[in-house]
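> take a look and give me a structure for this.
(chains A, B, C and D)
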2 protein chains.
Amino acid sequence: MPQPRKRATIREVAKATGLSPAAVSYALRGMQVSEETIERVRQAAAELGYEADPIARALASGRTGMIGLLCGSLEDLWQQALAVGIGRALKDNDRYALILDAAGDPAREHTLARQLRDQRVDALIVQPVDPAAPLWAELCEGLPVVSIGDALAGARAAGEVVFDNRAGVTLALEHLRQRGHRRLAVLTSTRASTPDRPADVHVMAEAARLGLDIDMVTASQSLGPATQVAGEMLDAGHRAFFCFADSIAYGVYAASAERKLGIPFEVSVMGYDDHPMSGLLTPGLTTVDWDIDGIVRAAVRIVVAAADGNPRRRRIVQAPQLRERGSVG
Amino acid sequence: MPQPRKRATIREVAKATGLSPAAVSYALRGMQVSEETIERVRQAAAELGYEADPIARALASGRTGMIGLLCGSLEDLWQQALAVGIGRALKDNDRYALILDAAGDPAREHTLARQLRDQRVDALIVQPVDPAAPLWAELCEGLPVVSIGDALAGARAAGEVVFDNRAGVTLALEHLRQRGHRRLAVLTSTRASTPDRPADVHVMAEAARLGLDIDMVTASQSLGPATQVAGEMLDAGHRAFFCFADSIAYGVYAASAERKLGIPFEVSVMGYDDHPMSGLLTPGLTTVDWDIDGIVRAAVRIVVAAADGNPRRRRIVQAPQLRERGSVG
DNA sequence: ACGGTTCAGTGAACCGTTTCAGTGAACCGC
DNA sequence: GCGGTTCACTGAAACGGTTCACTGAACCGT
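Below is the predicted model of the structure:
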């Protein structure tokens, strides 16, 4: 397709200043040239409306200045908030994010992760759907990867902001047990949709330890499907829910309302994440809070350092906090 | 940075098959070559693990297969939902989206829009913060642009999914008036933060027509700041709100709760958008529904056609619908 | 058997940068 | 005033594809 007005190239700037393209390239990045020449080049570039072509730059240099963000499942409101937060924080670091959505699908995660690498992102933040995939080891050599949520198995990640899901699950289940619930419906998320499902394993182990009788089923984090699944569990007689994402818990609210069942007197619900909307519901959703701002800050700090070539390999473990609001009777 | 295992290039595939690089390039895209050769090239490519480098491809051909999505303000839950929806719909069309967030800032919108063009996106979907910016005219020649929300002034857009904001505003204000409210606090969004603010103009005109006394102020769509602004208006004695985004209305809920003011008996709220969460609140948020699925479908259909080189220039006007749920007393 | 079309494939230019190796010239201490 | 650095800059080769203009062979009807 013919661009109507052709853009100025570096060669034209070179011609205009009587320098070589190489000198212009250096000047615009402030390397190896005299202050005076830099100024001259800047001026000429401004006059010609020249701006370096990011694609050509990426091809030649192998870097883009962008940071890839691969989300596990953007249906989830909490993950949406995380993505937006990371995007904003990166912007404050004069970087920008390429946001992609794996939609809870390991195969798609695989494809998109490679795609981001091929796009020459300087670093990658990933909230892995399948943290055990061999893919990560391959990616980690040659690209700094920061994982959020679960640690990447067998891969040298540049950083990790790990959720202590074991503690989070314990917190949630103990709370439910303390309130007298012995039989639970557990709605897990696509966030942990891999065969081994580390989070699910914790749930089963903890449930066993606490003597709880659980009925586990996977639910999507979008409201419609979550409501559907929650409804089925209600109809099956369940009255106490542990949802592995606040977004899923919202489905329990919706399904309960449809059936004229009141929360917390007839139905009890626990969430996981603490999305801002959870505090607005009536009653507020009791949930496990992961301090989203802290996660954003930590991940961005690590990833920006890594993208700049700073090798500090950090592992941050995020501690959960019970946020009691009244949805558990 | 040295890539540990170098990727195979097209020249290696050429060598392996005894063909020229050009022939391989054609073969992999199924042009001008015999079936037999195509098969041979495919096989060799698979064996070598060859995959075309998207950056080099973009530089040479000027296309990437990606579609840019420039959101007005991703703080807004509704716009988040829109972005996710568009991302998923594009995926179903074997395309993928590059999502960027203008954060309600026209200057940033300007920068990011050019950045997307420079990234060689095949087409652009934009939810303009400043639909009157001269930028759009410049972008539209050489790149198919589809706008959502407002039409782009003075630009030959490839398509438009326009919200009939005049009708939406009328619907909202008439509803409030009918319920007996004469004095309103209007919380507009950064979505319309340009000097002329077409949406704001509608509000003032309609308010004048209906004899309403309005007090208009801009609020951010994130919960914290929105709550802050709503609180100030409550403290100033306002008891009836028209919010130009459901996300802002959530702030009214929060601020009212803080002050122990009940909705709808002591405070009335109208939203604008209809985000799924609005139906979950108690009481449900009365709002103006824009049929987000329809918008997604329309925008994606147009943009995919445009990216494929199909020139049909469509303008779709979205009609609003009152979704009455009980937040207006 | 002949000019004219197709067909399958080639060679080289090109896309717009970056970067490596090198080149004078100026400058350094002694 | 001489070897050695540093400085400011240049030329050309990447980077990894696509595409334009051709070419030789096969095939066509007559």
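
> what are the neighbouring residues in contact with the residue of chain A found nearest chain B?
Of all residues in chain A, residue A:282 sits closest to chain B, at 3.8 Å by C-beta to the nearest C-beta. All C-beta spots, glycine's among them, are computed from the backbone N, C-alpha and C. Each residue near residue A:282 by C-beta atoms under 8 Å, 6 or more residues apart in numbering or on different chains is listed here: B:281-282.

> next, it: secondary structure please.
Assigned by DSSP: H, G, I helix; E, B strand; the rest coil, the conformation of residue A:282 is coil.

> from residue A:326, how far out is it?
Here the criterion is C-beta to C-beta, to the nearest Å. By it, residue A:282 lies 9 Å from residue A:326.

> what comes up buried for the worst-scoring helix or strand of chain A on mean pLDDT?
Ranked by mean pLDDT, DSSP states H and E, the weakest helix or strand in chain A is helix A:198-210, scoring a mean of 85. Buried positions in helix A:198-210, judged by neighbour count with 16 or more other C-beta atoms under 10 Å in any protein chain shown: A:199-200, A:202-203, A:206-207, A:210.

> how distant is it from the center of its chain?
Helix A:198-210 sits 24 Å away from the centroid of its parent chain (C-alpha atoms, centre = their mean, to the nearest Å).

> other SSEs contacting that helix?
Helices and strands touching helix A:198-210, by 3 or more C-beta pairs under 8 Å, 6 or more residues apart in numbering or on different chains; DSSP states H and E, are helix A:165-178, strand A:183-189, strand A:213-219.

> now these as JSON lines including distance to residue B:286, mean pLDDT and mean neighbour count?
Conversion of those to JSON lines gives the following (distance: least, C-beta to C-beta, whole Å; pLDDT from 0 to 100; neighbours: other C-beta atoms under 10 Å in any protein chain shown):
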{"stretch": "helix A:165-178", "distance to residue B:286": "34", "mean pLDDT": "94", "mean neighbour count": "20"}
{"stretch": "strand A:183-189", "distance to residue B:286": "30", "mean pLDDT": "92", "mean neighbour count": "24"}
{"stretch": "strand A:213-219", "distance to residue B:286": "29", "mean pLDDT": "92", "mean neighbour count": "17"}
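
> got these as JSON lines, with distance to residue B:108 columns?
Conversion of the helices and strands packed on helix A:198-210 to JSON lines gives the following (distance: least, C-beta to C-beta, whole Å):
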{"stretch": "helix A:165-178", "distance to residue B:108": "36"}
{"stretch": "strand A:183-189", "distance to residue B:108": "33"}
{"stretch": "strand A:213-219", "distance to residue B:108": "37"}
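
> from the buried residues of helix A:198-210, pick the one nearest residue B:271.
Taking C-beta to C-beta as the measure, residue B:271 lies nearest residue A:199 of those, at 34.8 Å.

> wait, isn't that closest one in contact with residue A:169?
Yes: with the criterion set as C-beta atoms under 8 Å, residue A:199 and residue A:169 qualify as a contacting pair; they are 7.1 Å apart.

> in stretch A:138-155, what's buried?
Counting neighbours by 16+ other C-beta under 10 Å, one finds that the buried residues in stretch A:138-155 are A:138-140, A:143-152, A:155.

> and those, which is closest to DNA strand D?
The shortest distance between DNA strand D and any of the buried residues of stretch A:138-155, using C-beta to the nearest atom of the strand, involves residue A:143 and amounts to 14.5 Å.

> could you look up the SS state of the closest one?
Per three-state DSSP, the local secondary structure of residue A:143 is coil.

> on that earlier part again, can you say which of the helices and strands packed on helix A:198-210 is nearest to DNA strand D?
The closest approach between DNA strand D and any of the helices and strands packed on helix A:198-210, judged by C-beta to the nearest atom of the strand, belongs to strand A:183-189 at 37.4 Å.

> residues contacting residue A:52?
Residues counted as contacts of residue A:52 (C-beta under 8 Å, 6+ apart) are A:10, A:28.

> any stretches of the stretch 51-200 of chain A with poor pLDDT?
Counting by pLDDT under 70, the stretch 51-200 of chain A shows low-confidence ranges at A:191-197.

> quick one: buried residues of stretch A:56-70?
By 16+ other C-beta under 10 Å, the buried positions in stretch A:56-70 come out as A:56-59, A:64, A:66-70.

> of all the residues you listed, which comes closest to residue B:38?
Nearest to residue B:38 out of those is residue A:59 (C-beta to C-beta; 26.7 Å).

> circling back: from the buried residues of helix A:198-210, pick the one nearest DNA strand C.
DNA strand C has its nearest neighbour among those in residue A:199, at 41.5 Å by C-beta to the nearest atom of the strand.

> count the residues that sit near the residue in the stretch 151-300 of chain A positioned nearest to DNA strand C.
Distances from the stretch 151-300 of chain A to DNA strand C, computed as C-beta to the nearest atom of the strand, single out residue A:158 as the nearest residue at 20.1 Å. Here the number of neighbours of residue A:158 (other C-beta atoms under 10 Å in any protein chain shown) works out to 24.

> now stretch A:293-308 - C-alpha only, PDB.
Extracted C-alpha coordinates of stretch A:293-308, given in PDB (Å, rounded to 0.1, in the frame of the first residue of the first chain):
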ATOM      1  CA  ASP A 293      -0.600  -2.100  43.900                       C
ATOM      2  CA  GLY A 294       2.300  -3.800  45.500                       C
ATOM      3  CA  ILE A 295       2.300  -6.500  42.900                       C
ATOM      4  CA  VAL A 296       2.200  -3.900  40.100                       C
ATOM      5  CA  ARG A 297       5.100  -1.900  41.600                       C
ATOM      6  CA  ALA A 298       7.200  -5.000  42.300                       C
ATOM      7  CA  ALA A 299       6.700  -6.500  38.800                       C
ATOM      8  CA  VAL A 300       7.300  -3.300  37.000                       C
ATOM      9  CA  ARG A 301      10.400  -2.400  39.000                       C
ATOM     10  CA  ILE A 302      11.900  -5.800  38.200                       C
ATOM     11  CA  VAL A 303      10.900  -5.900  34.600                       C
ATOM     12  CA  VAL A 304      12.200  -2.400  33.900                       C
ATOM     13  CA  ALA A 305      15.500  -3.200  35.500                       C
ATOM     14  CA  ALA A 306      15.800  -6.400  33.500                       C
ATOM     15  CA  ALA A 307      14.900  -4.700  30.300                       C
ATOM     16  CA  ASP A 308      17.600  -2.100  30.900                       C
END
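
> do it and DNA strand C meet?
No: remark: stretch A:293-308 sits outside contact range of DNA strand C, by C-beta under 7 Å from any atom of the strand, the gap being at least 14.1 Å.

> what parts of the stretch 1-150 of chain A come near chain B?
On the criterion C-beta under 8 Å from any C-beta of the partner chain, chain B has as its neighbours in the stretch 1-150 of chain A the residues A:1, A:3-5, A:51, A:53-56, A:58-59, A:62-63, A:74-75, A:77, A:80, A:84, A:87-88, A:91, A:96, A:98-101, A:103, A:108, A:112, A:115, A:118-120, A:141-142.

> just the buried ones among these, please.
The neighbour-count test (16+ other C-beta under 10 Å) applied to the residues of the stretch 1-150 of chain A next to chain B identifies A:53-56, A:58-59, A:74-75, A:77, A:80, A:84, A:87-88, A:91, A:96, A:98-101, A:103, A:108, A:112, A:115, A:118-120 as buried.

> picking that back up, who's in contact with the least confident helix or strand of chain A?
A:131, A:150, A:165-166, A:169-170, A:173-174, A:177, A:184, A:186, A:188, A:191-192, A:212-214, A:216, A:242, A:244.

> again, only using 7 Å
Applying C-beta atoms under 7 Å, 6 or more residues apart in numbering or on different chains, the set of residues contacting helix A:198-210 from outside is A:150, A:165-166, A:169-170, A:173-174, A:177, A:186, A:188, A:192, A:214, A:216, A:244.

> right, I'll call it a day here.
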